[in-house]
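Engineer: Give me a model of this one.
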Amino acid sequence: MKHYPHHLDLQPAMHAQGTVQLPGSKSISNRTLLLAALAEGKTDIRALLASDDTHVMLMALQKLGVHWTQRGESRDYEVQGIAGVLPVHQADLFMGNAGTAIRPLTAALAVLGGDFSLHGVARMHERPIGDLVDALNGIGADIEYTGEPGFPPLHIRRGHIHSHRLQVRGNVSSQFLTALLMAAPLMAAREPVRIDVVGELISKPYIEITLNLMQRFGVEVQRKGWQSFTIAAGQHYRSPGVIHVEGDASSASYFLAAGAIAGGPVRVEGVGRDSIQGDVRFVDALQAMGAAVTLGDNWIEARADGPLRAIDADFNHIPDAAMTVAVLALHAQGTSMLRNIGSWRVKETDRIAAMATELRKLGADVEEGADYLRVTPPEQIQPAAIDTYDDHRMAMCFSLASLDGALRRGAPLRINDPKCVAKTFPDYFEAFTRIARNDLL
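Structural biologist: All right, here's what the predicted structure looks like:
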């Protein structure tokens with residue numbers, strides 16, 4: 001296991017420049033692992049993310065009797081699919097704080113049947129799962145809360161699926177719909193499965209990732225906009241043979257933002273213009289704030305093109321990458337408004353409250369609402385010790401406050417509990433310090 005200090009001190013850096021090879025996408029990695037496990041045949045997964053969240057999924061699959069092997073010390077894995085039939089019918093599964101693991105696994109195990117306990121860290125037991133459980137229990141699954149109703153931990157027993165039409169609310173987390181979509185082919189042997197979304201669906205680009213990957217594993221989903229999804233009868237998952245995991249577009253945002261703040265160019269490799277990840281649209285926000293961005297097939301590059309401008313935009317479609325915009329606002333001219341980010345409240349921490357608290361430490365004037373954040377930058381960014389709330393994105397975002405921008409200088413920062421980045425990007429700070437420099441070469 002990698003060793004992390006209790007805190008990490010970052011000194012101001014006057015320039016950001018270089019190239020970063022991105023780790024694999026968390027969203028793609030955990031979806032791919034589960035689909036490969038459920039599929040018929042053997043799947044060769046290339047460039048899987050090495051992180052706490054993927055480790056959680058790998059260990060859970062292993063406990064469920066799914067055989068997988070890692071190729072040496074590489075990030076390549078071979079997964080032997082179970083063709084929709086679980087080898088193990090009883091297991092106690094630790095899910096850490098991995099929403100991309102617990103939610104799809106809950107749906108799959110509820111449909112396949114058995115006797116399973118799912119639990120995680122304390123924060124996981126504060127993250128809602130009630131809408132997913134209601135949708136599954138409503139068609140005959142047997143899922144019981146063993147703690148606070150509406151939240152993990154869960155006990156799943158063998159139920160009796162008596163309906164093939166489900167309803168799920170879409171305004172809390174898109175992961176609930178993702179979970180139902182991924183489990184749907186497991187109950188579509190003889191008749192089609194239809195999933196209706198009640199209300200507005202948030203984070204739609206993440207559903208696009210789910211549908212794209214399901215298609216690569218041989219399952220087509222018919223849809224009516226964002227309100228209804230149908231899986232035709234008789235479809236089942238089949239291995240595509242080899243599948244490559246894209247670099248993580250959310251992680252790309254920190255380095256692209258660094259290039260936009262502190263000169264650049266900074267290039268990220270592993271994701272590009274044809275990415276299936278919605279967070280690649282972070283570049284639209286960067287361009288709106290005045291940065292120069294270039295996209296290739298498998299790379300994106302950003303550089304400063306004068307002082308950054310404030311932004312007022314709806315970030316419902318890219319909630320994770322929007323956190324980077326909140327810190328970019330420290331370097332912008334004017335007051336920035338981030339709208340429709342209510343899903344931040346139920347992530348690894350209450351990200352609206354946490355972001356507001358830490359931005360104020362740096363001297364910003366911040367107004368927080370139920371689903372918005374208004375950020376007015378200070379005349380000068382103030383030195384501070386940043387608390388990270390066991391949230392990887394808090395740690396990575398706030399590193400950007402140490403950079404010198406066109407309008408104001410960065411500040412010395414202390415990042416408390418930097419080990420939280422292990423959730424998705426264990427080597428983040430090494431990568432960041434390689435591009436943050438005090439020369440102008």
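
Engineer: what about residue 305, distance to residue 290?
Structural biologist: Distance from residue 305 to residue 290, counting by Cβ to Cβ, to the nearest Å: 6 Å. Just so you know, the C-beta spots here come from the backbone N, C-alpha and C atoms, and that holds for glycine as well.

Engineer: Looking at those two, which has the bigger crowd around it?
Structural biologist: residue 290 (18 against 15; other Cβ atoms under 10 Å).

Engineer: could you point out where the protein is predicted with low confidence?
Structural biologist: Counting by pLDDT under 70, the ranges of the chain that qualify are 1, 439-441.

Engineer: Just the helices from the stretch 1-150 of the chain, written as ranges.
Structural biologist: 26-38, 52-63, 99-112, 130-137 (DSSP state H, counting those that start in this stretch).

Engineer: Could you export the ones you listed as JSON lines, including mean neighbour count?
Structural biologist: Converted to JSON lines, those look like this (neighbours: other Cβ atoms under 10 Å):
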{"stretch": "helix 26-38", "mean neighbour count": "27"}
{"stretch": "helix 52-63", "mean neighbour count": "21"}
{"stretch": "helix 99-112", "mean neighbour count": "26"}
{"stretch": "helix 130-137", "mean neighbour count": "21"}
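
Engineer: Of all these, which one is nearest residue 315?
Structural biologist: Closest approach to residue 315 among those (Cβ to Cβ): helix 26-38, 16.8 Å.

Engineer: Remind me what the closest one packs against, helices and strands.
Structural biologist: If contacts are counted by 3 or more Cβ pairs under 8 Å, 6 or more residues apart in numbering; DSSP states H and E, helix 26-38 sits against strand 42-46, helix 52-63, strand 77-80, helix 99-112, helix 174-183, helix 204-216.

Engineer: can you redo those as TSV with distance to residue 389?
Structural biologist: Shown next, in TSV, are these (distance: least, Cβ to Cβ, whole Å):
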stretch	distance to residue 389
strand 42-46	31
helix 52-63	15
strand 77-80	31
helix 99-112	15
helix 174-183	20
helix 204-216	22
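
Engineer: Compare these and give me the one nearest residue 426.
Structural biologist: Residue 426 lies closest, by Cβ to Cβ, to one member of the helices and strands packed on helix 26-38: helix 52-63, at 8.2 Å.

Engineer: so who does the nearest residue to residue 30 once chain neighbours are set aside touch?
Structural biologist: Nearest residue to residue 30 in three dimensions, chain neighbours excluded: residue 100, at 4.1 Å (Cβ to Cβ, 6 or more residues apart in numbering). Contacts for residue 100 (Cβ atoms under 8 Å, 6 or more residues apart in numbering) come out as 26, 27, 30, 31, 53, 57, 175.

Engineer: mind putting the residues you listed in JSON lines, distance to residue 376 included?
Structural biologist: JSON lines is the format used below for the contacts of residue 100 (distance: Cβ to Cβ, whole Å):
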{"residue": "26", "distance to residue 376": "32"}
{"residue": "27", "distance to residue 376": "32"}
{"residue": "30", "distance to residue 376": "37"}
{"residue": "31", "distance to residue 376": "38"}
{"residue": "53", "distance to residue 376": "34"}
{"residue": "57", "distance to residue 376": "41"}
{"residue": "175", "distance to residue 376": "33"}
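
Engineer: Quick check: the two most widely separated of those?
Structural biologist: Across the contacts of residue 100 (Cβ to Cβ), the longest gap, 13.4 Å, separates 57 and 175.

Engineer: Could you work out the end-to-end span of stretch 118-128 for me?
Structural biologist: The first residue of stretch 118-128 is 14 Å away from its last residue (Cα to Cα, to the nearest Å).

Engineer: Sorry, wrong one. I was asking about stretch 392-410.
Structural biologist: One end of stretch 392-410 sits 21 Å from the other (Cα to Cα).

Engineer: Can you mark which positions in that stretch are buried?
Structural biologist: Neighbour counts using 16 or more other Cβ atoms under 10 Å place 392-408, 410 of stretch 392-410 among the buried residues.

Engineer: likewise stretch 302-310?
Structural biologist: So, applying 16+ other Cβ under 10 Å, buried residues of stretch 302-310: 302, 303, 304, 308, 310.

Engineer: Adding secondary structure, write the residues you listed out as JSON lines.
Structural biologist: Below are the buried residues of stretch 302-310 laid out as JSON lines (DSSP: H, G, I helix; E, B strand; the rest coil):
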{"residue": "302", "secondary structure": "strand"}
{"residue": "303", "secondary structure": "strand"}
{"residue": "304", "secondary structure": "coil"}
{"residue": "308", "secondary structure": "strand"}
{"residue": "310", "secondary structure": "coil"}
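
Engineer: Taking the residues you listed, tell me the two that lie furthest apart.
Structural biologist: Between all members of the buried residues of stretch 302-310, the farthest pair (by Cβ to Cβ) comes out as 303 and 310, at 19.5 Å.

Engineer: sec struct for residue 185, please.
Structural biologist: helix.
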